[in-house]
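Q: Give me a model of this one.
(one chain, ligands or ions: 2)
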Amino acid sequence: MYIDGKLKLEGIKTRSNFLRGTIAEGLSDLSTGSLSEDDQQLIKFHGSYQQDDRDLRADRRKHRLEKAFSFMLRIRVPGGVATSRQWLETDRIADTYANGTIKLTTRQAFQLHGIIKTNLKRTIKEINDSALDTISACGDVNRNVMCNPNPHLSSIHEQVLKLSRDISTHLTPNTRAYHDIWLDGEKINSSEVEEEPIYGKTYLPRKFKITIAVPPSNDVDIFAHDLSFIAIVEKEKLVGYNVAVGGGMGMTHGNEATFPRLADVIGFCTPEQAVDVAEKVVMVQRDFGDRTDRKHARLKYTIQDHGVDWFLTELNKYLGYKLQPVRPYVFEDNGDRYGWVEDEKGNFHYTLFVQGGRVLDSKDYPMRSGLREVAKIHDGDFRLTANQNLVIANISAKKRSEVEALLEKYGMAQSHERSALRLASIACVALPTCGLALAEAERYLPDVITDLEAILEEVGLRHDAITVRMTGCPNGCARPFISEIGFVGRGPGRYNVYLGGGHAGQRLSKLYRQDLLATEIKDLLSPILKRYAKERNDGEKFGDFVIRQGYVAATEQGEDFHKNIKPEAIPAA
Ligand code: HEM
Ligand code: SF4
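A: Ligands and ions are numbered 1, 2, ... in the order given. Got it, this is the predicted structure:
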């Protein structure tokens, strides 16, 4: 891994001429569907991962063919808000160059899968023509900035959305490599004329993720991100933001030096200070983050190692002023509120449940076609939620009945009339595209829910939201370590089961069973759900109940995630 005493990726970044590498040359090499190893790393900064269809691997190997390489493209949607035109363009591009589906991700971005190398440049160009982009959607930079889609208070939403866009623009890398490679921008020959005033030449030690929440909703899961702003609304006016730092999900099985961590809420800033605070938090991490070990490079480890007080002191130094004391706030949940709402301006919003965030047409549910028809007449916007759902937002009173008729025609009007468990479920992509997946997630979670629904019906829990999340590996892209029930892939058909996360995403879950066979999930959870139905206190959430009953121990912030397991609860695999 080490070159010249530095981590390989740090070397790649340094030598890349501000992220150009040899991507342009690699795209025109028709002898392979792949890019060079170094360029595969660099292309992440441009919003793409090289992948291969893992379902086809064995067959291709048998026929001595190279893997079925293709590219995933992640389209940034700052604050999760896209126009009807952007929706229609993304839908068209998904058909023309990708696999005909759109993934709405847990971080409010679009993901397109299955784009072959020879189409990649064209696809990125057309995405940019539709006023969206993929720059810094992946890589060691600030990623898509998330924001509560809040259809309830539209004046507050306008302000937090503006902040998410301002931060996104401010922290977009300065390099013109993206324009050079994908948009045939004016070429710059010497790297000396380029500068990255915020990031510097080696960018950040690791990815960086920012969110903005509007209490009482914690739908963006602020405790799982590097930096978050919690909007403080007093007398219906936005007075500023609490600042939270150092959250993150990813860990590696069997490596106790890696762990999920909740963000700490460290202070308060005014709306005018927020972009500056974001910049300075990024800079502290740029200067103090660990560049020698990528598994220890996120801000959460910088803060864990140096302490929260050290971080705040350092941040205040970079800012040149002090953050104010934290203001009171309350989060109630981290789920979505489905169905219709009318806002204070008389506009309507409909939140549609999208299973696993996958927008596609199936024989009995042509959702993608339906949304295309909605987009053709819709005079508002589309909002991606952090729970992989879609708000058809800002529908004017005169359009509401037309939209309603389309939702009815395409079978979407009842999307939210499912069990509360299904409505509170999310799954990462995992197989067949994600190269890191150890087990299924998006393709399998719906079946697990169906199994559990039978029990919930029996015991009268159909309308009780319990957050349930599945990921194909412990990187945690669907934030399983803060859900009330979490399944984390360990190997084909095997999962670690985590219980006891906070219903508002405010508490980490704990390992309850290791290496459980997928077929045993129902038997494992059935008695617990039955007891929950009978023995819970008034209003008690499932995550709290399993802790009170001793299925798992509670973790207080700052405690060791791995040591805080009830050992007797985990039988040997
Ligand atoms: C070491 C840590 C991580 C690595 C290496 C990693 C890598 C990946 C890869 C390769 C994909 C593409 C899957 C596909 O589309 O086929 C992906 C998807 C995604 N990742 Fe991560 N990831 C990590 C952690 C996280 C965390 C902690 C979050 C969020 C809190 C996150 C958010 C996402 C999102 C939103 C997607 C899109 C798919 C979805 O909605 O599930 N990732 N990640
Ligand atoms: S959690 Fe793992 S399997 Fe799922 S998308 Fe992220 S990296 Fe892939």
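Q: how near is Q40 to I23?
A: Distance of Q40 to I23, computed by CB to CB, to the nearest Å: 10 Å. In short, each C-beta sits where N, CA and C put it, glycine included.
Q: who's more crowded, these two?
A: Legend: neighbour count by other CB atoms under 10 Å for Q40 and I23, higher for I23 (25 against 19).
Q: Quick check: that one touching D39?
A: Yes. Taking CB atoms under 8 Å as the definition, I23 is a contact partner of D39 at 4.9 Å.
Q: Give the residue spans of this protein that score low on pLDDT.
A: Of all residues in the chain, those with pLDDT under 70 make up the ranges 1-6, 151, 186-193, 557-558, 563-573.
Q: In it, which helix is the longest?
A: For the chain, the longest helix by residue count, based on DSSP state H, is helix 154-170.
Q: buried residues in that one?
A: 154, 156-157, 159-161, 163-164, 167-168 (16 or more other CB atoms under 10 Å).
Q: Using a markdown table, lay out these together with distance to R261.
A: Shown next, in a markdown table, are these (distance: CB to CB, whole Å):
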| residue | distance to R261 |
| --- | --- |
| S154 | 34 |
| I156 | 29 |
| H157 | 29 |
| Q159 | 29 |
| V160 | 25 |
| L161 | 28 |
| L163 | 25 |
| S164 | 23 |
| I167 | 22 |
| S168 | 24 |
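Q: for the longest helix of the chain, packing partners?
A: Under the contact definition 3 or more CB pairs under 8 Å, 6 or more residues apart in numbering; DSSP states H and E, helix 154-170 sits against strand 146-147, strand 210-213, strand 227-234, strand 237-245, helix 274-288.
Q: Could you dump these into CSV with mean neighbour count and distance to ligand 2 added?
A: As requested, those are arranged in CSV below (neighbours: other CB atoms under 10 Å; distance: least, CB to the nearest ligand atom, whole Å):
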stretch, mean neighbour count, distance to ligand 2
strand 146-147, 31, 16
strand 210-213, 28, 17
strand 227-234, 22, 20
strand 237-245, 21, 22
helix 274-288, 20, 22
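Q: if I look at the residue most central in space within the chain, how far off is ligand 1?
A: Central residue of the chain (CA atoms, centre = their mean): R107, 2.9 Å from the mean position. If you measure R107 against ligand 1 using CB to the nearest ligand atom, to the nearest Å, the figure is 4 Å.
Q: Then D29?
A: Distance, D29 to ligand 1, by CB to the nearest ligand atom: 23 Å.
Q: what does L120 give?
A: From L120 across to ligand 1, the span is 15 Å (CB to the nearest ligand atom).
Q: ok, that residue to V277 distance?
A: For L120, the distance to V277 equals 36 Å [CB to CB].
Q: again with R74
A: For R74, the distance to V277 equals 26 Å [CB to CB].
Q: what does the stretch 451-573 of the chain put close to ligand 1?
A: With CB under 6 Å from any ligand atom as the criterion, the stretch 451-573 of the chain meets ligand 1 at residues 475-479.
Q: How about the contacts made by the closest residue in space to K117 that isn't next to it in sequence?
A: Among residues not flanking K117 along the chain, G33 sits closest, at 5.2 Å (CB to CB, 6 or more residues apart in numbering). Contacts for G33 (CB atoms under 8 Å, 6 or more residues apart in numbering) come out as 66-70, 116-117.
Q: Check D361 too.
A: D361 makes contact with 100, 367-369, according to CB under 8 Å, 6+ apart.
Q: Kindly report the same for T471.
A: Shown in contact with T471 (CB under 8 Å, 6+ apart): 427-428, 430, 441, 477-478, 480, 486-489.
Q: again, 10 Å this time
A: Applying CB atoms under 10 Å, 6 or more residues apart in numbering, we find T471 in contact with 106, 249-250, 426-430, 434, 436-439, 441-442, 445, 477-481, 486-489, 495.
Q: and if you look at D309?
A: For D309, the residues meeting the contact criterion (CB under 10 Å, 6+ apart) are I266.
Q: which SSE is it in?
A: For D309, the element it lies in under DSSP states H and E is helix 308-319.
Q: That helix vs strand 237-245, what angle?
A: Going by axes from the mean of the first three to the mean of the last three CA atoms, to 10 degrees, helix 308-319 is angled at 120 degrees with respect to strand 237-245.
Q: Convert helix 308-319 to PDB, retaining C-alpha atoms only.
A: C-alpha atoms of helix 308-319 as PDB (Å, rounded to 0.1, in the frame of the first residue of the first chain):
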ATOM      1  CA  VAL A 308     -14.100  17.100  21.200                       C
ATOM      2  CA  ASP A 309     -12.700  20.000  23.300                       C
ATOM      3  CA  TRP A 310      -9.500  20.000  21.300                       C
ATOM      4  CA  PHE A 311     -11.500  20.100  18.100                       C
ATOM      5  CA  LEU A 312     -13.700  23.000  19.200                       C
ATOM      6  CA  THR A 313     -10.600  25.000  20.300                       C
ATOM      7  CA  GLU A 314      -8.900  24.300  17.000                       C
ATOM      8  CA  LEU A 315     -12.000  25.200  15.000                       C
ATOM      9  CA  ASN A 316     -12.400  28.500  16.900                       C
ATOM     10  CA  LYS A 317      -8.800  29.300  16.100                       C
ATOM     11  CA  TYR A 318      -9.400  28.700  12.300                       C
ATOM     12  CA  LEU A 319     -12.600  30.700  12.500                       C
END
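Q: Now do that helix: distance to the chain's middle.
A: The chain centroid and the centroid of helix 308-319 are separated by 27 Å under CA atoms, centre = their mean, to the nearest Å.
Q: quick one, it and helix 274-288 angle?
A: 110 degrees.
Q: List the buried residues for helix 308-319?
A: Judged by neighbour count (16+ other CB under 10 Å), helix 308-319 contains these buried residues: 308, 311-312, 314-315, 319.
Q: K295 and G248 touch, don't they?
A: No. Shown here, K295 and G248 do not form a contact pair, counting by CB atoms under 10 Å, at 11.5 Å.
Q: In helices, which of the contacts of D361 appear?
A: Short answer: the contacts of D361 in helices (DSSP H) are 367-369.
Q: Buried among these? Need that as a selection in PyMOL.
A: Provided next is the PyMOL selection string for whichever of the ones in helices among the contacts of D361 are buried by 16+ other CB under 10 Å:
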select buried, resi 367+368
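Q: wait, which of the ones in helices among the contacts of D361 is closest to R92?
A: Nearest to R92, judged by CB to CB, of the ones in helices among the contacts of D361 is R368 at 11.1 Å.
Q: Could you name every residue contacting both of I23 and D39?
A: With CB under 10 Å, 6+ apart, I23 and D39 have common neighbours 16, 46.
Q: on that earlier part again, list only buried entries from the contacts of G33.
A: For those, a neighbour count by 16+ other CB under 10 Å gives the buried set as 67-68, 70, 117.
Q: Export these as CSV, with columns for secondary structure and distance to K237.
A: Formatted as CSV, the buried ones among the contacts of G33 follow (DSSP: H, G, I helix; E, B strand; the rest coil; distance: CB to CB, whole Å):
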residue, secondary structure, distance to K237
K67, coil, 55
A68, coil, 54
S70, strand, 48
K117, helix, 51
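Q: circling back: and ligand 2, which of the buried residues of helix 154-170 reach it?
A: Applying CB under 6 Å from any ligand atom to the buried residues of helix 154-170, none is adjacent to ligand 2.
Q: Switch those over to JSON lines; also include distance to ligand 1.
A: Conversion of the buried residues of helix 154-170 to JSON lines gives the following (distance: CB to the nearest ligand atom, whole Å):
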{"residue": "S154", "distance to ligand 1": "26"}
{"residue": "I156", "distance to ligand 1": "24"}
{"residue": "H157", "distance to ligand 1": "21"}
{"residue": "Q159", "distance to ligand 1": "24"}
{"residue": "V160", "distance to ligand 1": "19"}
{"residue": "L161", "distance to ligand 1": "19"}
{"residue": "L163", "distance to ligand 1": "20"}
{"residue": "S164", "distance to ligand 1": "16"}
{"residue": "I167", "distance to ligand 1": "17"}
{"residue": "S168", "distance to ligand 1": "16"}
